[in-house]
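In: Give me a model of this one.
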Amino acid sequence: MKLIILAAIFVLISLAAADMPASFYQAMNDVKTEDTLCVKNYDAGASVTESYRDFEHLDKETEVISRSYNTSHNAKDYSRGNASLEVHMNSNVIGKAHVAWQSKETKSGINGRHVSYSRTTDDLTGVFSIERFIQLWSNSTLGSVRVEWLPCS
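Out: Next up is the predicted model:
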């Protein structure tokens, strides 16, 4: 009985110690890493994309708050009510990143197109940190939203 147990242990150890074929390691090295987040708030006409690719290191913390309130449930009422999309992202990356946001009119205009109010895109490659706070609100007027900035010294 002891001989059978020793033989089984020897077989298991031999299988565990066997090297995998070179094609296995090559395939594992060719695996691409990707982490993508896309959020849209149709009531606010806002969208945000945060994407990381081909990274060696990714340490990220992203908080998204999407709100829609006081909206009309009537399909013919194009008023947006009050809606917002807020994103706070904080990441440390070795690799590639794509961060973008846009704000559009929810009602289509001439030729069925939506007017674009603002848009930005950032593409980064290398070793970097990203800290962003993006705040997109509908029905806000100049002066109704205040962000306090710490001035440079």
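
In: can you pull out the strands in the chain?
Out: Along the chain, the segments classed as strands by DSSP state E run 34-41, 46-69, 82-104, 116-137.

In: How many neighbouring residues does the residue nearest to residue 92 when sequence neighbours are not counted have?
Out: Counting by CB to CB, 6 or more residues apart in numbering, residue 59 is the residue found nearest to residue 92 once chain neighbours are left out, at 4.5 Å. Placement of C-beta: from N, CA and C, glycine included. Counted with other CB atoms under 10 Å, the neighbours of residue 59 add up to 11.

In: Likewise for residue 21?
Out: Neighbours around residue 21, by other CB under 10 Å: 9.

In: what's the spacing between it and residue 94?
Out: According to CB to CB, to the nearest Å, residue 21 stands 29 Å off from residue 94.

In: Over to residue 127?
Out: Residue 127 is 5 Å from residue 94, by CB to CB.

In: same check, this time on residue 104
Out: Residue 104 is 34 Å from residue 94, where distance means CB to CB.
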